[in-house]
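Engineer: have a look at this fold, sequence not included:
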Ligand code: NAD
């Protein structure tokens with residue numbers, strides 16, 4: 001089955017998909033025209049009926065089969081991610097393994113979490129009643145995904161949605177549609193009736209049409225703040241899940257395991273060329289350790305091999321596009337002009353932006369306050385944990401944070417007071433396990449991924465109550 005056959009689009013336009021590494025043509029896909037929205041919705045309506053009528057054991061075995069298919073073809077999946085997103089082949093392989101786990105977790109979720117008994121006799125007056133609530137599908141869910149994890153973030157929407165008995169209108173990033181199309185093919189090959197997932201390929205106009213359609217019950221979005229705001233304006237009365245950006249702080253205390261802290265912060269800052277919503281962007285180091293940490297961090301950064309993502313020994317691949325790398329360059333120039341000191345990197349070859357370290361970035365700078373989404377790390381020193389927590393909480397939004405310390409009291413103090421959806425102790429901010437609740441605090445974030453949590457967001461309780469007298 002070709003990619004094109006998966007979609008219902010009849011538009012005659014095709015869209016090329018280019019390699020971010022060398023600009024070569026990888027493939028082309030048919031574009032979905034937003035004027036086809038009625039047809040897409042009619043198909044999804046049929047899909048929703050099919051999906052809700054699939055017994056849980058079938059939803060589960062389809063998702064398990066899909067996990068097996070992805071695992072069997074892990075090399076092909078990894079190569080697709082590497083080609084279209086520019087992730088290094090080593091990182092792309094890890095994403096594929098995570099996708100397998102996400103599908104397996106979804107298969108398990110389909111069989112549990114079906115509802116609960118309601119204890120009607122727990123207050124006087126309802127003793128004669130008994131009943132339960134079930135978790136029912138929402139119906140049609142629009143899922144919109146970004147480019148940076150083009151496979152696993154799609155699995156995080158499709159897996160729980162199918163487990164919950166929904167139909168999905170999926171619009172992957174127009175920059176990386178191939179991994180998503182491959183995944184949908186695998187799920188259909190695994191036995192899912194085709195109409196349950198519709199893949200629509202296109203950009204903003206198509207996204208708006210899919211988001212605003214009245215019959216869509218939920219929009220599950222992962223992407224940037226500006227897009228999240230546009231979606232919330234266009235969506236109207238429907239459930240929204242907003243998995244947005246971050247600007248993660250990592251606190252490094254004097255008493256930490258030094259080598260581990262350096263290694264984890266380097267990996268956390270540059271994974272996926274920094275195009276990572278939980279990437280370590282602001283590394284706050286306690287004053288006594290600062291000089292030693294800075295030297296080790298800069299030395300380790302300089303050793304990273306940046307370049308061809310297909311090579312086993314490449315640590316940092318290209319960014320998604322030359323424009324994205326130019327944006328990073330401009331943001332760093334702005335910070336330097338405002339007084340930040342460049343410690344290494346800040347070189348650009350086309351879409352490749354070399355890992356960059358700054359110190360002394362003024363806290364009023366965009367680079368400090370906003371998400372950079374590039375291989376850029378800022379170092380800053382602090383004296384007390386109080387001060388570090390204040391700096392960690394600076395930005396208007398937050399997703400993850402990290403702290404390195406061997407002091408349990410300090411670790412728990414930070415975990416309690418940092419305003420973030422997750423605080424990693426003795427890991428950088430860049431740790432995620434696909435079964436844990438995942439999402440942001442503060443501006444704009446709503447809902448949680450992590451299979452069980454997305455499944456709960458993507459289902460609605462229905463109460464059944466029996467009056468015995
Ligand atoms: P983006 O917001 O530019 O695009 C995301 C998706 O939204 C794409 O499919 C795009 O076509 C679509 N879109 C754009 N305008 C739209 C509109 N008006 N209506 C509907 N859809 C529209 O994001 P990106 O550049 O692809 O990804 C990077 C961002 O994603 C970063 O901010 C990153 O932090 C965030 N992200 C968050 C998480 C998370 O789980 N919290 C994970 C990965 C990435």
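Structural biologist: Here it is on my side, so go on. Just so it is clear, the structure is predicted and the values come from calculations on it, not from any experiment. Residues are numbered from 1 along each chain as shown.
Engineer: how about the contacts made by the residue most central in space within the chain?
Structural biologist: Using CA atoms, centre = their mean, the residue of the chain that lies closest to the mean C-alpha position is residue 153, 5.2 Å off. Applying CB atoms under 8 Å, 6 or more residues apart in numbering, we find residue 153 in contact with 145-146, 222. Yep, even glycine has a C-beta here, placed from its N, CA and C like the rest.
Engineer: and what about it, helix, strand or coil?
Structural biologist: For residue 153, the assignment made with DSSP: H, G, I helix; E, B strand; the rest coil gives helix.
Engineer: give me the distance between it and residue 434.
Structural biologist: 11 Å (CB to CB, to the nearest Å).
Engineer: still on that earlier bit, most neighbours, which of the contacts of residue 153?
Structural biologist: residue 145 (28 neighbours; other CB atoms under 10 Å).
Engineer: just to revisit the earlier point, from residue 438, how far out is the residue nearest to the centre of the chain?
Structural biologist: 11 Å.
Engineer: in the protein, where is pLDDT below threshold?
Structural biologist: Applying pLDDT under 70 to the chain flags the ranges 1-12.
Engineer: ok and the residue in it nearest the ligand?
Structural biologist: When scored by CB to the nearest ligand atom, the chain has residue 207 as its residue closest to the ligand, at 2.3 Å.
Engineer: over to that residue: give its phi and psi.
Structural biologist: phi -60, psi -50 (degrees, to the nearest 10).
Engineer: isn't it up against residue 235?
Structural biologist: No. Applying CB atoms under 8 Å as the test, residue 207 and residue 235 come out as separate, 10.9 Å apart.
Engineer: more neighbours: which of these two?
Structural biologist: Between residue 207 and residue 235, counted using other CB under 10 Å, residue 207 has the larger neighbour count: 23 against 19.
Engineer: list the contacts of the more buried one.
Structural biologist: 144, 171, 227, 231.
Engineer: now, which of the residues you listed lie close to the ligand?
Structural biologist: 144, 171, 227, 231 (CB under 6 Å from any ligand atom).
Engineer: neighbour-wise, which of the residues you listed leads?
Structural biologist: residue 171 leads these on contacts (other CB under 10 Å) with 25 neighbours.
Engineer: spit out the contact partners of it.
Structural biologist: 142-145, 199-202, 206-207, 210 are the contacts of residue 171 under CB under 8 Å, 6+ apart.
Engineer: restricted to strands, list these.
Structural biologist: Counting by DSSP state E, these place 142-144, 199 in strands.
Engineer: if any of those residues are buried, put those into a ChimeraX selection.
Structural biologist: In ChimeraX, this line selects whichever of the ones in strands among the contacts of residue 171 come out buried by 16 or more other CB atoms under 10 Å:
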select :142,143,144,199
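Engineer: show me what from the stretch 101-250 of the chain comes close to the ligand.
Structural biologist: Close to the ligand, as judged by CB under 6 Å from any ligand atom, the stretch 101-250 of the chain has residues 144-149, 153, 171, 173-174, 203-204, 207-208, 211, 222-224, 227, 230-231, 243-246.
Engineer: in helices, which of those fall?
Structural biologist: Using DSSP state H, the subset of these located in helices is 153, 204, 207-208, 211, 227, 230-231.
Engineer: find the nearest non-adjacent residue to residue 137, please.
Structural biologist: Nearest residue to residue 137, sequence neighbours excluded (CB to CB, 6 or more residues apart in numbering): residue 165, at 3.7 Å.
Engineer: torsion angles phi and psi at that neighbour?
Structural biologist: Dihedral angles (degrees, to the nearest 10) for residue 165: phi 80, psi 30.
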